[in-house]
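Enquirer: From the sequence below, what's the structure:
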Amino acid sequence: MNNEKPESGRTLAQFLGAAIHDLRAEHKLTIAEVAERAGISRGMLSKIENAQTATSLDTLEQVANALGVSLSHLFRNYGAPQGDAQLVKRGEGMEVVRRGTRRGHTYHLLSYGQGPKKSFEPFLISMDDASEVFPTFEHPGTEFIHMLEGRIEYRHGRETYLLEPGDSLTFSGEVPHGPERLIELPIRFLAIIYYDSSSDKAEQ
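Expert: Below is the predicted model of the structure:
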């Protein structure tokens, strides 16, 4: 087996040994049980798990079958790039203030720290004050709205749209837009603004 180290710093033998060990632990199987099912000695399986010996693909396939998985399953994450996703748990979005809004209208930014030039901004917007008067907004890029809760009349240019749970609305951010009338509270919707790479993000 090729023992060249990938980006993670582990050899292929170390990767496979860890994968076999993790699967065995997941299924609560002992080394003796897996070795017996695979038709190899306990010492051999222990050496495979600890990357202390080279082994054939045939033996690896026997071990994989003993663990109830395919041979390809053992290799499935080998050489995969490191994950770099940003997780924001419920209620942990950064609360931001959008120009012209007051209490009863909150914006939680669900992704941030993307560098000086942002390609998109996703917001969770909540409204619970029917008396609030909203300004109109204008900004570069395209905006996508998806209703989660409540009912709202939303204006874009000269047109107004009734939005109910499950409805979506996509429009140019450069045309004046914003809530026209809050019909059923509380209101919650996702608003995702995508910025064209040729335009800079304007203050909102």
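
Enquirer: Please identify the helix or strand for the residue lying closest to Arg155 once chain neighbours are set aside.
Expert: Of all residues not flanking Arg155 in the chain, Glu180 sits nearest, at 4.2 Å (CB to CB, 6 or more residues apart in numbering). All C-beta spots, glycine's among them, are computed from the backbone N, C-alpha and C. Assigned by DSSP states H and E, Glu180 belongs to strand 177-194.

Enquirer: So which other helices or strands are in contact with that strand?
Expert: Contact here means 3 or more CB pairs under 8 Å, 6 or more residues apart in numbering; DSSP states H and E; on that basis strand 177-194 packs against strand 120-127, strand 142-156, strand 159-163.

Enquirer: What are the buried residues along that strand?
Expert: Across strand 177-194, burial judged by 16 or more other CB atoms under 10 Å covers 177, 179-180, 182, 185, 187-189, 192-194.

Enquirer: now swap in stretch 34-49 and tell me
Expert: Under the neighbour-count criterion of 16+ other CB under 10 Å, stretch 34-49 has 34-35, 38, 40, 44-49 buried.

Enquirer: Make CSV out of the residues you listed and add distance to Ile152.
Expert: Converted to CSV, the buried residues of stretch 34-49 look like this (distance: CB to CB, whole Å):
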residue, distance to Ile152
Val34, 58
Ala35, 63
Ala38, 61
Ile40, 65
Met44, 66
Leu45, 62
Ser46, 63
Lys47, 65
Ile48, 60
Glu49, 58
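
Enquirer: just the residues you listed now: which is nearest Ser70?
Expert: Using CB to CB, Ala38 is the member of the buried residues of stretch 34-49 that sits closest to Ser70, with 14.1 Å.

Enquirer: hang on, Ala35 packs against Glu49?
Expert: No. Using CB atoms under 8 Å as the test, Ala35 is too far from Glu49 to be in contact (10.4 Å).

Enquirer: what two of the buried residues of strand 177-194 are the furthest from one another?
Expert: Greatest spatial distance in those: Leu185 and Tyr194, 28.2 Å, computed using CB to CB.

Enquirer: Arg10 contacts Ala18, correct?
Expert: Yes. With contacts counted by CB under 8 Å, Arg10 reaches Ala18, the gap being 7.4 Å.

Enquirer: Check the burial of Ile125 by counting its neighbours.
Expert: The local packing of Ile125 (other CB atoms under 10 Å) involves 19 other residues.

Enquirer: distance of it from Gln86?
Expert: Using CB to CB, to the nearest Å, Ile125 is found at 19 Å from Gln86.

Enquirer: helices or strands next to the longest helix along the chain in the packing?
Expert: Ranked by residue count, the top helix of the chain under DSSP state H comes out as helix 12-26. On a contact count with 3+ CB pairs under 8 Å, 6+ apart, helix 12-26 meets helix 31-38, helix 42-49, helix 71-75.

Enquirer: in that helix, what counts as buried?
Expert: Going by neighbour count (16+ other CB under 10 Å), the buried part of helix 12-26 is 12-17, 19-21, 23-24.
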